[in-house]
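Undergrad: Sequence and predicted structure are below.
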Amino acid sequence: MAIDAARLETLTALAKKALWLSSWTIHHANHIRPNSDGLKVGGHQASSASLATIMSALYFAVLKPEDRVAVKPHASPVFHAIQYLFGRQTRDKLENFRGFKGAQSYPSRTKDTDDVDFSTGSVGLGVAQTLFASLVQDYVKAHGWLADRREGRMIALVGDAEMDEGNIFEALLEGWKHGLRNTWWVVDYNRQSLDAVVREGLWAKFETMFRNFGWDVRIVKYGTLMRQAFAEPGGEALRGWIDNCPNALYSALCFQGGAAFRKHLQDEIGDQGEVSKLIERRSDEELLALMSNLGGHDMASMIEAFEAIDHDCPVCFIAYTIKGVGLPFQGHKDNHAGLMTVAQMEKWRAAQNIRPGHEWDKFEGLPQDPADLTAFLKNVPFNQEVQRRLSAPVIDVPRQLSFTPAAQMSTQQGFGLVLNELARGDSELAARIVTASPDVTVSTNLGAWVNRRGLFARGETADLFRSEKIPTTFHWDFSPRGQHIELGIAEMNLFILMSALGLSHSINGTRLLPVGTLYDPFIERGLDALNYACYQDARFMLAATPSGITLAPEGGAHQSIATPLIGMAQDGLASFEPAFVDELAVIMRWGFEHMQAAAGEGGSVYLRLSTRTIEQVQRPLAAVQHLDITEGAYWLRKPGPNAEVIVAYTGAVAPEAIEATGFIGESRRDVGLLAITSADRLHAGWTAARKLRRDRRPAQHLSHIERLLAPLPRDCGIVTVIDGHPATLGWLGSVRGHRVEALGVEHFGQTGSIDHLYRQYGLDANAIIDAAESLTTGAPVLHRKMAV
Ligand SMILES: Cc1ncc(C[n+]2csc(CCOP(=O)(O)OP(=O)(O)O)c2C)c(N)n1
Ligand SMILES: [Mg+2]
């Protein structure tokens, strides 16, 4: 249906204004209110311009409040400009674009104040986020929690070079498996990346690929001016030339202008009567306007394309655009970081009838009556008074999570037992847990949970092995009530799914408590997506198992060394590595609360677990110990007043630490054994306490680790041991100035039994004893562990 002419004019004017404001925002930050150090902050005028019309079509006409958008990182200025026109962004934030507390360089859910749905920045991730957000919406709906809220479309504005990111392809396949709906990806097909012009014919690859995954593909190539010209005599020849023009040449001609287009057209089409006349009828300026009138810059074409969609299948729009359209460097292959000069801006300002000093006026220079434009914006469907940032009540977490104890257990097994116990009950907590795993559900001990709670799919599918009465341990039944989302082997997808599930309280108004499992080394495979999920404050729990060289015979390739450091360094992620299952249960309980705490207080949780079966400590845990465990450490054996050395251990090496402490205690005084359940929490507490002391002198706030180490004599040594990089615990010596011998793993890759590997890498009891000796004086420790 043709769009009403007045509406079209208004929308076109607003798109023009969005382009102006986005460019002005960047210009202002660079030339008018520059950084105190005078350095240019950049801002990507070209990349923003590319999407100004498409985004205006969406926000001012097509979107409904329930729709959610991931905006290509470098289109952040257009996004902020549009929000400014809606009255949801302040001029001050725009003036301070890319500055401290100003509008963010890339749209940020947590740092921007103008209603960003999904953060972007690391290309590819925001795109996949929309796909998983749609699957999560389906999950919420299938479980009856969407209530009276309408389903939204999940929309990504994608750069064409962004499509190179592998995680997009991984997500596409997963989307297909889960019957993806309500997802639109709009590819800004400007045929430019950061460095240069992209390969010819990419659109054809995109088209077949998306169709292959069951997507509807809409190519929006020509704008209205072009289509009108094609209908003129000779128009077909012009169209043929455009279709055959190489990307680089088209970009170069857009940069050079109308005269250059004319010359090429004349040279290449030759004197062909009608088409020559078609070209001659237009001035250079008109010719450039015609040739730059690609679909993505034509309001009518974009609205038509969007409004033509009458189904909920996923759609990929490939919208042809020119990078930097309308700006002096349009189409230039080096324009990615290009900034307009002051003189260029002046010229452009004057051409748009914007008076000096009125650059921020919303409707300055537009022919429409400001009152009409104000009324129009007020009536835009997306701009209705609807709370888009939702919230959901906190789900109660019982005081204790139980499990069936055994004398010997691994933490991985314990994790499965705790979830199994939850699955058996009917708590609200259990109802809100959603598990997911990239094809390691069974091998990470989620089997019992899945057997009870089932797999999620929009349709029912029974486990054929079960219906055929073939004995099988695991029930693989899918239903809309299921609570486990089984993924293919792509850790990126796991983390982006965690990101989508972990934002459900804010996006869907429904609290979900996602728990993802994977092998610890593969955290590194999906690390950027994990970082992304944390960056936008999604809340989830990861169980990473097996880990370290403790996974021994599984093979050297899978041994993880760096993950404890990742866990410590990752903002928004509290990481734990318990040794015993009772500790794990306490941590998981705390974790489910931490996942629901307010912004700035809560976060996600990483449990580094092990398959090593170890002797469990038989004890009831007092409440105060619960606190110690979640704060990061407690004395398993308290040091005496004259302690010469203590052993501080983390995780699966507990038996070695316990054994060594026993041996050392025979010839050294008052030896203590410190169980560290979270180097991350300990370190964070220590940093925070130091800051508090600095800020509020003379307040004497002590952190947990400072209190624990306080009784140690000044010359007491500390041996630390972890199946991971030794730097994880090496810092303990700095807390109160004790000498440290930090044991851990710095090289890996060897298959073997745990005993062999611990000896090889220096994590066994004897290595701990050697380290203790090196920190103390006196006779050698009498007894040692027998060699294996
Ligand atoms: C994971 C990642 N790698 C590299 C970058 C740096 N980078 C930012 S934009 C860009 C090129 C984007 O090109 P395209 O997606 O076509 O967007 P356009 O600028 O053309 O609009 C690159 C390489 C990034 N942001 N994220
Ligand atoms: Mg591009």
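TA: Structure received. Ligands and ions are numbered 1, 2, ... in the order given.
Undergrad: Ligand 2 versus residue 731, what's the distance?
TA: The gap separating residue 731 from ligand 2 is 44 Å, by Cβ to the ion, to the nearest Å. For every residue, glycine as well, the C-beta is placed using N, CA and C.
Undergrad: okay, now that residue: neighbour count?
TA: 17 (other Cβ atoms under 10 Å).
Undergrad: Give me the nearest residue to it, chain neighbours excluded.
TA: Sequence neighbours aside, residue 683 is the residue nearest to residue 731 in space, at 6.6 Å (criterion: Cβ to Cβ, 6 or more residues apart in numbering).
Undergrad: That neighbour contacts residue 568, doesn't it?
TA: Yes - if you go by Cβ atoms under 8 Å, residue 683 and residue 568 touch, sitting 6.0 Å apart.
Undergrad: coming back round to it: ok, now which ones touch the residue nearest to residue 731?
TA: 568, 705, 731 (Cβ atoms under 8 Å, 6 or more residues apart in numbering).
Undergrad: try 10 Å this time
TA: For residue 683, the contact set (Cβ atoms under 10 Å, 6 or more residues apart in numbering) comprises 568-569, 632, 703, 705, 728-729, 731-732, 735.
Undergrad: Distance of it relative to ligand 2?
TA: Residue 683 sits at a distance of 41 Å from ligand 2 (criterion: Cβ to the ion).
Undergrad: got the residue ranges for the strands in the stretch 251-400 of the chain?
TA: All strands of the stretch 251-400 of the chain, identified by DSSP state E, counting those that start in this stretch, fall at 315-320.
Undergrad: Just checking stretch 162-171 against ligand 2, any contact.
TA: No - for stretch 162-171, no contact with ligand 2 is found by Cβ under 5 Å from the ion; the gap never falls below 7.4 Å.
Undergrad: what's the offset of that stretch from the middle of its chain?
TA: 14 Å (Cα atoms, centre = their mean, to the nearest Å).
Undergrad: Stretch 521-539 spans what distance, first to last residue?
TA: Taking Cα to Cα, to the nearest Å, stretch 521-539 runs 21 Å from one end to the other.
Undergrad: do the same with stretch 361-381
TA: 23 Å.
Undergrad: Let me see the residues that make contact with that stretch.
TA: Residues contacting stretch 361-381 (Cβ under 10 Å, 6+ apart): 6-7, 9-14, 16-17, 20-21, 59-65, 67, 81-82, 84-87, 91, 349-355, 357-359, 383-385.
Undergrad: Mind listing what's buried along it?
TA: 362-366, 373, 376-377, 380 (16 or more other Cβ atoms under 10 Å).
Undergrad: The closest residue to ligand 2 within the stretch 401-550 of the chain - how many residues pack around it?
TA: Nearest residue of the stretch 401-550 of the chain to ligand 2: residue 528, at 20.2 Å (Cβ to the ion). For residue 528, the neighbour count with other Cβ under 10 Å is 17.
Undergrad: What of residue 34?
TA: Neighbour count for residue 34, taken as other Cβ under 10 Å: 14.
Undergrad: ok, it touching residue 41?
TA: Yes - using Cβ atoms under 10 Å, residue 34 makes contact with residue 41 at a distance of 7.4 Å.
Undergrad: Overlap of the contact sets of those two?
TA: With Cβ under 10 Å, 6+ apart, residue 34 and residue 41 have common neighbours residue 99.
Undergrad: Surely residue 359 touches residue 17?
TA: No - Residue 359 is beyond contact range of residue 17, at 11.2 Å (criterion: Cβ under 10 Å).
Undergrad: Show me which of these two is the more surrounded one.
TA: Neighbours were counted for residue 359 and for residue 17 using other Cβ under 10 Å; residue 17 has more, 25 against 19.
Undergrad: what about that one, which helix or strand?
TA: According to DSSP states H and E, residue 17 maps onto helix 5-27.
Undergrad: One more: residue 720?
TA: strand 717-722.
Undergrad: Show me what counts as buried in that strand.
TA: In strand 717-722, counting by 16+ other Cβ under 10 Å, buried: 717-722.
Undergrad: Residue 500: how many residues sit nearby?
TA: Around residue 500 there are 29 residues (other Cβ under 10 Å).
Undergrad: And residue 342, by the same measure?
TA: Residue 342 has 12 neighbours, counted by other Cβ under 10 Å.
Undergrad: likewise residue 587?
TA: Residue 587 has 26 neighbours, counted by other Cβ under 10 Å.
Undergrad: Surely it is within a strand?
TA: No - remark: residue 587 does not belong to a strand; assigned using DSSP: H, G, I helix; E, B strand; the rest coil, it is helix.
Undergrad: OK, contacts around it?
TA: Residue 587 touches 401, 411, 418, 541, 574, 576-578, 594, 605, 607, 626, 629-630, 677-678, 681, counting by Cβ under 10 Å, 6+ apart.
Undergrad: Which ones among the residues you listed lie within helices?
TA: 411, 418, 594, 626, 629-630, 681 (DSSP state H).
Undergrad: Where neighbours are concerned, which of those residues has the most?
TA: residue 411 (31 neighbours).
Undergrad: ranges for the helices of the stretch 651-788 of the chain?
TA: For the stretch 651-788 of the chain, the helices defined by DSSP state H, counting those that start in this stretch occupy 654-665, 679-695, 704-709, 727-730, 732-736, 754-761, 765-775.
Undergrad: quick one, which of these is nearest to residue 325?
TA: Nearest to residue 325, of all the helices of the stretch 651-788 of the chain, is helix 679-695, at 47.0 Å by Cβ to Cβ.
Undergrad: pLDDT weak spots in the stretch 601-750 of the chain?
TA: Along the stretch 601-750 of the chain, segments meeting pLDDT under 70 span 697-699.
Undergrad: ok, how many other residues are close to the nearest residue to residue 439 once chain neighbours are set aside?
TA: Nearest non-adjacent residue to residue 439, counting by Cβ to Cβ, 6+ apart: residue 489, 4.5 Å away. For residue 489, the neighbour count with other Cβ under 10 Å is 14.
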